[in-house]
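Asks: Predicted coordinates and the sequence they were generated for:
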Amino acid sequence: MKTKLTLMAVSAGFMALFGSCAATSGKSIEPQKSVAIFDSFTYEGNDDYYAANPLADESSFYNPILPGWYSDPTICTNGDGDYFLATSTFTYFPGVPLFHSRDLVNWKQVGHILSRPSQLQNMEKQHVSGGIFAPDIAYNPANKTYYMITTNVGAGNFFVKTQDPFGEWSDPIMLPDVHGIDPAFFFDEDGKAYIVNNDDAPDGNPEYPGHRTVRVVEFDTASDKCVGERKIVVNKGCRPEEKPIWCEGPHIYKVKGQYYLMTAEGGTSTWHSEVIYRGPSPFGPFTPWEGNPILTQRTLDKSRENPITCAGHADLVQTKEGDWWSVFLACRPVSGDMENLGRETFMMPVKWTDDGWPYMTREGETVPMQLRRDGVKREADVTFGNFARRDDFTDSILGMDWMTLRGTADDLYSLTRNPGYLTIKCADVTSAEKAVIPYIGRRIHHHNYVATTNVTFAPEHEKQCAGMLLMKDETHQYFLAKTRDENGNSVVLRKIMENGHEDLASKPIADDIHTLNLKVESKGLELSFSYSADGGKTWEEVASGVDGGFTSTAKAGGFTGTTIGLYASNSI
């Protein structure tokens with residue numbers, strides 16, 4: 001698959017150049033009826049930690065390995081040195097980004113596992129945080145096939161498969177016998193296969209909120225169907241007397257003849273953790289380790305510098321060299337529990353006790369922001385640290401960083417109507433609706449960033465608008481838009497909320513000015529919005545000191561991070 005986004009390391013010299021070229025590409029086009037025409041998008045991240053703490057050597061790398069909203073990571077290997085990593089996408093399309101690496105440090109996105117509408121069923125009318133939950137990717141050496149199994153909360157549990165992970169994956173194969181969420185495959189050395197997942201309490205009668213079970217069923221790879229009885233292998237959690245909540249995201253591993261069951265506990269917020277069990281078969285009986293949890297940050301001082309929180313939902317992989325590594329989600333709050341990046345993908349080596357128990361952190365240990373992998377050379381083009389990206393929309397397909405909501409939206413945007421531009425239709429639908437909307441968005445990766453775009457647009461009435469949108473969910477958004485009011489054209493900063501919207505600021509624009517540059521700048525939880533009518537030579541502030549916490553998970557809830565992108569509508 002082709003990608004159009006150019007990734008560049010941020011340096012002082014480059015930042016100066018980037019600032020001058022970010023505003024406009026030098027292209028020129030006249031406005032067209034009821035569409036917004038975008039000729040570029042730029043993103044520049046500059047977090048303080050990376051700037052103040054350079055990597056020690058060429059084998060070092062930053063955590064998170066995938067910064068920004070890449071939640072519920074899962075990893076596998078084919079045993080020949082290829083590693084594949086995937087994450088959740090909920091109602092965004094395409095679904096489940098797929099990354100490849102040969103060394104666990106240098107990752108490249110190679111596509112999306114769910115790249116066709118036929119693979120994403122019943123997405124319309126789902127909340128942003130509905131859709132695809134917690135994928136699991138696994139390789140079965142018995143039939144040389146890769147599997148991705150997941151939950152679509154609007155359709156049920158299903159899997160797709162392929163023998164070429166760089167190509168297309170199958171259409172969904174539904175699993176009506178597997179109830180609940182978070183399924184994962186385990187392929188044993190004898191060729192047998194199993195599905196483990198999180199499900200309701202026994203008999204559907206929870207003793208307390210968050211009471212769940214983990215269940216296992218055998219799976220026949222020839223018929224693609226479950227066989228036999230689904231058995232409960234964990235009830236409540238590793239210490240049932242403490243009434244643990246949400247034993248979810250389970251995985252089974254076989255190490256030196258013993259079976260290990262690993263699950264998350266404590267929910268996805270600051271009490272999140274990972275625990276481990278061991279048993280003689282995939283059906284157990286499983287005994288929890290007395291040293292659980294094997295990963296958490298929940299007891300650490302909240303006032304610590306550069307806090308990492310919510311660590312859990314892990315997956316493990318053994319390298320070709322024999323060592324073990326984990327990927328897991330965690331958050332980097334700016335203040336208290338607030339952040340806009342969502343749950344990110346972190347990585348850590350796995351340690352083992354003398355009596356054979358794996359762990360990532362012990363009591364009081366922090367998830368490190370820097371790690372190294374001996375013998376691996378970090379490349380110039382990496383997924384972590386400070387970086388900048390630019391898209392001039394010169395290709396006929398969107399780059400892999402771009403997403404739409406609940407479907408392809410291919411009837412709402414075009415890269416070929418005006419070649420060299422992204423054209424978005426002012427449709428009769430708004431970003432507050434649970435529908436396919438005229439929004440092309442991408443993740444933000446840094447607390448401190450600047451995003452710009454260049455748009456040509458002539459609004460025809462007071463409800464028609466186009467510009468740059470910050471989207472957390474249907475009721476937590478900021479929209480920097482060109483529109484009209486009773487006095488003529490204007491640039492507005494609109495706050496979209498549960499009970500409607502409010503225009504926080506407005507600046508009049510001459511009616512003969514059709515092309516504007518728009519800029520959003522983030523400084524942690526403070527946002528500023530501005531525009532330029534002269535190609536980026538001078539900027540006019542629309543609003544500053546705007547509350548970025550409004551789109552944080554701590555205030556808005558949900559499972560995604562905030563995305564930023566380009567949007568047009570025929571309605572407020």
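Replies: Yep, it's here. Small disclaimer: the values here were computed from a predicted structure and weren't measured. Residues are numbered from 1 along each chain as shown.
Asks: At which residues are the strands of the stretch 101-250 of the chain located?
Replies: Taking DSSP state E, counting those that start in this stretch as the criterion, the stretch 101-250 of the chain contains strands spanning 108-114, 132-140, 145-152, 156-162, 173-174, 181-187, 193-199, 213-220, 225-235, 248-255.
Asks: Does anything pack onto the shortest one? Which helices or strands?
Replies: In other words, strand 173-174. strand 156-162 (3 or more C-beta pairs under 8 Å, 6 or more residues apart in numbering; DSSP states H and E). Any C-beta I mention is one placed from the backbone N, CA and C, and that applies to glycine too.
Asks: what's the spacing between the spatially most central residue of the chain and residue 444?
Replies: By C-alpha atoms, centre = their mean, the chain has its centre lying nearest to residue 70, at 2.8 Å. Computed as C-beta to C-beta, to the nearest Å, the residue 70 to residue 444 distance reads 12 Å.
Asks: do residue 215 as well
Replies: With C-beta to C-beta as the criterion, residue 215 and residue 444 are 37 Å apart.
Asks: can you put the strands of the stretch 101-250 of the chain in CSV and add mean pLDDT, mean neighbour count and distance to residue 570?
Replies: Formatted as CSV, the strands of the stretch 101-250 of the chain follow (pLDDT from 0 to 100; neighbours: other C-beta atoms under 10 Å; distance: least, C-beta to C-beta, whole Å):
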stretch, mean pLDDT, mean neighbour count, distance to residue 570
strand 108-114, 98, 20, 29
strand 132-140, 97, 24, 29
strand 145-152, 98, 24, 30
strand 156-162, 98, 20, 35
strand 173-174, 98, 14, 37
strand 181-187, 98, 23, 37
strand 193-199, 98, 24, 42
strand 213-220, 98, 22, 48
strand 225-235, 98, 16, 47
strand 248-255, 98, 21, 41
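Asks: Make a markdown table out of the ones you listed and add distance to residue 101.
Replies: Formatted as a markdown table, the strands of the stretch 101-250 of the chain follow (distance: least, C-beta to C-beta, whole Å):
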| stretch | distance to residue 101 |
| --- | --- |
| strand 108-114 | 7 |
| strand 132-140 | 13 |
| strand 145-152 | 15 |
| strand 156-162 | 18 |
| strand 173-174 | 27 |
| strand 181-187 | 21 |
| strand 193-199 | 25 |
| strand 213-220 | 28 |
| strand 225-235 | 31 |
| strand 248-255 | 19 |
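Asks: Please enumerate the helices of this structure.
Replies: 12-21, 48-52, 553-556 (DSSP state H).
Asks: Pick out the shakiest of the ones you listed, pLDDT-wise.
Replies: Mean pLDDT is lowest for helix 12-21 out of those, coming in at a mean of 37.
Asks: all strands for the stretch 301-450 of the chain, in order.
Replies: Per DSSP E, counting those that start in this stretch, the stretch 301-450 of the chain carries strands over the ranges 309-318, 324-331, 344-349, 351-352, 358-359, 370-372, 387-391, 404-405, 413-414, 422-425, 439-443, 448-456.
Asks: which strands and helices sit next to the third one?
Replies: In this case it means strand 344-349. Using 3+ C-beta pairs under 8 Å, 6+ apart as the contact test, the elements touching strand 344-349 are strand 324-331, strand 370-372.
Asks: buried stuff in the last one?
Replies: Which is strand 370-372. Going by neighbour count (16 or more other C-beta atoms under 10 Å), the buried part of strand 370-372 is 371-372.
Asks: again, but for stretch 65-84
Replies: 65-77, 82-84.
Asks: what do you get for stretch 275-289?
Replies: Buried residues in stretch 275-289, counted by 16+ other C-beta under 10 Å: 275-279, 282-284, 286, 288-289.
Asks: again with stretch 526-533
Replies: With burial defined by 16+ other C-beta under 10 Å, the residues of stretch 526-533 counted as buried are 527-533.
Asks: out of those, which one sits closest to residue 29?
Replies: Relative to residue 29, the closest of those is residue 533; by C-beta to C-beta it sits at 16.1 Å.
Asks: picking that back up, residue 347 is in contact with the residue nearest to the centre of the chain, correct?
Replies: No - between residue 70 and residue 347 there is no contact under C-beta atoms under 8 Å: 11.4 Å.
Asks: Residues that sit against both of these two, list them.
Replies: Contact criterion C-beta atoms under 8 Å, 6 or more residues apart in numbering; residues shared by residue 70 and residue 347: residue 64.
Asks: Show me where the stretch 451-572 of the chain has its strands.
Replies: For the stretch 451-572 of the chain, the strands defined by DSSP E, counting those that start in this stretch occupy 465-473, 476-485, 488-497, 500-508, 515-523, 526-532, 540-547, 563-569.
Asks: As a markdown table, those strands with distance to residue 90 and mean pLDDT would be great.
Replies: Putting those into a markdown table (distance: least, C-beta to C-beta, whole Å; pLDDT from 0 to 100) gives the following:
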| stretch | distance to residue 90 | mean pLDDT |
| --- | --- | --- |
| strand 465-473 | 10 | 98 |
| strand 476-485 | 15 | 96 |
| strand 488-497 | 19 | 96 |
| strand 500-508 | 23 | 96 |
| strand 515-523 | 22 | 98 |
| strand 526-532 | 23 | 98 |
| strand 540-547 | 24 | 98 |
| strand 563-569 | 11 | 98 |
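Asks: In a markdown table, list the ones you listed along with distance to residue 142.
Replies: Formatted as a markdown table, the strands of the stretch 451-572 of the chain follow (distance: least, C-beta to C-beta, whole Å):
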| stretch | distance to residue 142 |
| --- | --- |
| strand 465-473 | 42 |
| strand 476-485 | 46 |
| strand 488-497 | 51 |
| strand 500-508 | 55 |
| strand 515-523 | 48 |
| strand 526-532 | 52 |
| strand 540-547 | 54 |
| strand 563-569 | 39 |
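Asks: Those: which one's closest to residue 38?
Replies: Nearest to residue 38, of the strands of the stretch 451-572 of the chain and by C-beta to C-beta, is strand 563-569 at 5.2 Å.
Asks: What residues sit buried inside the closest one?
Replies: Quick answer for strand 563-569 (16+ other C-beta under 10 Å): 563-569.
Asks: between those residues, which is closest to residue 120?
Replies: Distance to residue 120 across these (C-beta to C-beta) is lowest for residue 563, with 17.3 Å.
Asks: show me the contacts for the nearest residue to the closest one once chain neighbours are set aside.
Replies: In space, and not counting its chain neighbours, residue 563 is closest to residue 441: 3.9 Å by C-beta to C-beta, 6 or more residues apart in numbering. Counting by C-beta under 8 Å, 6+ apart, residue 441 touches 92, 402-405, 469, 471, 563-566.
Asks: again with residue 64
Replies: 70, 330, 332, 344-347, 384 are the contacts of residue 64 under C-beta under 8 Å, 6+ apart.
Asks: try residue 155
Replies: 121-122, 172, 174.
Asks: which of the residues you listed count as buried?
Replies: With neighbours counted by 16+ other C-beta under 10 Å, the contacts of residue 155 contain buried members at 121, 172.
Asks: Let's have the contacts of residue 155 in JSON lines, adding distance to residue 420.
Replies: Compiled in JSON lines, those are given as follows (distance: C-beta to C-beta, whole Å):
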{"residue": "121", "distance to residue 420": "35"}
{"residue": "122", "distance to residue 420": "36"}
{"residue": "172", "distance to residue 420": "36"}
{"residue": "174", "distance to residue 420": "42"}
